[in-house]
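1. Here you go, sequence then predicted model.
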Amino acid sequence: VNAKLNFLAGAVIIGSGQYDDFTSEWYANVGTLLVTTVAINIFAPHMVGVGMYFLRKIQIMTFNGKVQMQLNELYLGPEFVPSYRYGQTLTTIMVSMLYG
């Protein structure tokens, strides 16, 4: 990330950064952005679930149906699909292991 790779010397855009190694300047500039991005990636996927939880609670409190099956569906909640979360989790782990 933002590394200067002399052996590529203008061949590609990747590797044309200003840092030769992981120096204190790299950590001050690039490292801070990486930590911020990882922190956002840790908390952001859960915000949808938290929002849906409160929306579901409001729906339960304002429920005026007459059929027990409708009330049961409100208490069930959404289906949990692990494959949706694996990509986000693996990305966070990979970035943490690579730069940690």
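-> Great, that's in hand.
2. Stretch 72-83 spans what distance, first to last residue?
-> Start and end residues of stretch 72-83 are separated by 26 Å (CA to CA, to the nearest Å).
3. buried ones in the longest helix seen in the chain?
-> As assigned by DSSP state H, the longest helix anywhere in the chain is helix 32-61. Neighbour-count burial for helix 32-61, counted by 16 or more other CB atoms under 10 Å, picks out 34, 38. Where you see a C-beta, it was placed from the backbone N, CA and C, and this is true even at glycine.
4. packing partners for that helix?
-> For helix 32-61, the elements it packs on are helix 68-76, helix 82-99, judged by 3 or more CB pairs under 8 Å, 6 or more residues apart in numbering; DSSP states H and E.
5. and the angle from that helix to helix 82-99?
-> Between the axis of helix 32-61 and that of helix 82-99 there is an angle of 160 degrees, by axes from the mean of the first three to the mean of the last three CA atoms, to 10 degrees.
6. residue contacts, the residue sitting nearest the centre point of the chain?
-> Compute the mean C-alpha point of the chain, and by CA atoms, centre = their mean the closest residue is residue 41, 2.3 Å away. Shown in contact with residue 41 (CB atoms under 8 Å, 6 or more residues apart in numbering): 88, 91, 92, 95.
7. Now which of those residues would you call buried?
-> Looks like those have 92, 95 buried, using 16+ other CB under 10 Å.
8. Closest one of the contacts of residue 41 to residue 21?
-> Of all those, residue 95 has the smallest distance to residue 21: 18.7 Å, by CB to CB.
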